[in-house]
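build the 3D model from these lines:
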Amino acid sequence: MRRVLAADEKPLHWVGSSKRDFLSFPAAAKEDMGNALGIAQFGGTAPTAKPWKGLGPGVLEDVESHDGNAYRAVYTVRFEKAVYVLHAFPEEVSVRDRTAKRDVDLVAERLNTAERDYEEHHGKQKR
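Numbering: from 1, shown residues only. Down below sits the predicted model:
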């Protein structure tokens, strides 16, 4: 059953395997990240969200630590009528200082996918 959005709530779209990956996180991480995504849907920014470097404004990440592990969700709020979750992944302990290249590349690829999807469903984004 599909939930009806509030009047000022943007729909949340999941790109690629991001939803499946997100759902594999521990319950506490999903709850915390879900709150951050919910805030984004209403036009706000969660205190735990920070800019994702390299793709310009409007791409954010939320990092949550649980039981000694870190989990990340990267999403974009660039679009007027929707929020897109681009990637959700556990952070590798050995490379916490730097995000793995495959994850960085995947976020960029999925941002392009989100842009195409947004244009298809809502028209060109106003700049």
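
now do the helices in the chain.
For the chain, the helices defined by DSSP state H cover 18-23, 27-41, 101-122.

among the ones you listed, which is the most enclosed?
Most buried of the helices of the chain, by mean neighbour count (mean count of other Cβ atoms under 10 Å): helix 27-41, with a mean of 18. Yep, even glycine has a C-beta here, placed from its N, CA and C like the rest.

keeping just the C-alphas, turn it into PDB.
Backbone C-alpha positions of helix 27-41 (Å, rounded to 0.1, in the frame of the first residue of the first chain) are rendered in PDB as follows:
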ATOM      1  CA  ALA A  27      17.600  -1.200  12.600                       C
ATOM      2  CA  ALA A  28      19.100   1.600  14.600                       C
ATOM      3  CA  ALA A  29      21.100   2.900  11.600                       C
ATOM      4  CA  LYS A  30      18.000   2.700   9.400                       C
ATOM      5  CA  GLU A  31      15.900   4.600  11.900                       C
ATOM      6  CA  ASP A  32      18.500   7.400  12.300                       C
ATOM      7  CA  MET A  33      19.000   7.700   8.500                       C
ATOM      8  CA  GLY A  34      15.300   7.400   7.900                       C
ATOM      9  CA  ASN A  35      14.800  10.500  10.100                       C
ATOM     10  CA  ALA A  36      17.500  12.400   8.100                       C
ATOM     11  CA  LEU A  37      15.800  11.400   4.800                       C
ATOM     12  CA  GLY A  38      12.400  12.400   6.200                       C
ATOM     13  CA  ILE A  39      13.700  15.800   7.100                       C
ATOM     14  CA  ALA A  40      15.100  16.200   3.600                       C
ATOM     15  CA  GLN A  41      11.700  15.300   2.200                       C
END
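
among the helices of the chain, which is nearest Lys53?
Among the helices of the chain, helix 101-122 comes nearest to Lys53, with 9.0 Å by Cβ to Cβ.

which helices and strands does the closest one pack with?
strand 69-76, strand 83-91 (3 or more Cβ pairs under 8 Å, 6 or more residues apart in numbering; DSSP states H and E).

so can I have JSON lines of these showing mean neighbour count?
As requested, the helices and strands packed on helix 101-122 are exported to JSON lines (neighbours: other Cβ atoms under 10 Å):
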{"stretch": "strand 69-76", "mean neighbour count": "23"}
{"stretch": "strand 83-91", "mean neighbour count": "22"}
